[in-house]
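> Just need the structure, nothing else, for what follows:
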Amino acid sequence: MKINTIRFVTSAHIPSQYPKYTLPEFAFTGRSNVGKSSLINTLLGRKNIAKTGSKPGVTQTINFFCINEKMSFADCPGFGYAKVSHNKRLEFIEMIHSYIISRPNLKLLFLLIDIRREPDENEQAIITKALNNNINVMILATKCDKVSKNEINNGISRICTSLNISKEYVVPTSAKTGLGKNIILAMIQEYCK
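As a prediction, the model looks like this:
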């Protein structure tokens, strides 16, 4: 899939602020510091479309991008970062849950999980919310460039065991090396048909 045009559409907190288009949409969510914005930039082949920062928690709204005028990416706020207040973390999680249940054109939810850690109840709750609303979920195991091939396999096994899923639902990725990029873009293209 070739990315020709990328257009920032809007930032939103609540459903009434979401774009009104019905383009097939693909959402990216995960804990703060999981490398979500960096991976989105890698997928799009651009450096600064999704905002990245030296400190986690840069994304605090749902940011919508129109890709090739044919599909939409939604960059959701990171959750779970310790330096963000407990109330703010709950607000981000509620924002993501609200988005999942009120976006009929959402085709696929990408949940990013750092390959070096185990998923927690927030990730499980997002998966449950999506599946209960007939939205497919794909796990993107991030930061695979930071560990050995053996550790990637162990990390994927740990994620699968924790979430009770099979390995076919986990894609190892790296924003730095581009690992997983072609698989993700091919999946998006398939869901656009």
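
> All the helices of this protein, residue numbers only.
Under the criterion DSSP state H, helices of the chain are mapped to 36-44, 86-101, 121-132, 149-163, 181-192.

> Flag every buried residue along the last one.
Buried residues in helix 181-192, defined by neighbour count with 16 or more other C-beta atoms under 10 Å: 181, 184-185, 187-188, 192. (C-beta placed from N, C-alpha, C; glycine too.)

> can you redo those residues as JSON lines with pLDDT?
Listed next are the buried residues of helix 181-192 as JSON lines, based on pLDDT from 0 to 100:
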{"residue": "K181", "pLDDT": "97"}
{"residue": "I184", "pLDDT": "97"}
{"residue": "L185", "pLDDT": "96"}
{"residue": "M187", "pLDDT": "96"}
{"residue": "I188", "pLDDT": "96"}
{"residue": "C192", "pLDDT": "92"}
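
> ok, these vs L112, which is closest?
Ranked by distance to L112 (C-beta to C-beta), the buried residues of helix 181-192 are led by I184 at 10.9 Å.

> Distance-wise, check that closest one relative to F64.
If you measure I184 against F64 using C-beta to C-beta, to the nearest Å, the figure is 18 Å.

> just to revisit the earlier point, okay, the helices of the chain in JSON lines with distance to S16 next?
Written out in JSON lines, the entries for the helices of the chain read as follows (distance: least, C-beta to C-beta, whole Å):
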{"stretch": "helix 36-44", "distance to S16": "24"}
{"stretch": "helix 86-101", "distance to S16": "11"}
{"stretch": "helix 121-132", "distance to S16": "20"}
{"stretch": "helix 149-163", "distance to S16": "32"}
{"stretch": "helix 181-192", "distance to S16": "26"}
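
> Lowest mean pLDDT across these, which one is that?
Of all the helices of the chain, mean pLDDT reaches its minimum on helix 86-101 (a mean of 84).

> Now it - C-alpha only, PDB.
What follows is helix 86-101 as a C-alpha-only set of coordinates in PDB (Å, rounded to 0.1, in the frame of the first residue of the first chain):
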ATOM      1  CA  HIS A  86      -4.700   8.800  38.300                       C
ATOM      2  CA  ASN A  87      -7.800  10.800  37.200                       C
ATOM      3  CA  LYS A  88      -6.100  11.700  33.900                       C
ATOM      4  CA  ARG A  89      -5.300   8.100  33.200                       C
ATOM      5  CA  LEU A  90      -8.900   7.100  33.900                       C
ATOM      6  CA  GLU A  91     -10.000  10.000  31.600                       C
ATOM      7  CA  PHE A  92      -7.800   8.600  28.800                       C
ATOM      8  CA  ILE A  93      -9.100   5.100  29.200                       C
ATOM      9  CA  GLU A  94     -12.700   6.300  29.300                       C
ATOM     10  CA  MET A  95     -12.000   8.400  26.100                       C
ATOM     11  CA  ILE A  96     -10.700   5.200  24.300                       C
ATOM     12  CA  HIS A  97     -13.700   3.100  25.500                       C
ATOM     13  CA  SER A  98     -16.100   5.800  24.400                       C
ATOM     14  CA  TYR A  99     -14.400   6.000  21.000                       C
ATOM     15  CA  ILE A 100     -14.600   2.200  20.500                       C
ATOM     16  CA  ILE A 101     -18.300   2.000  21.200                       C
END
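
> This completes my enquiry, with thanks.
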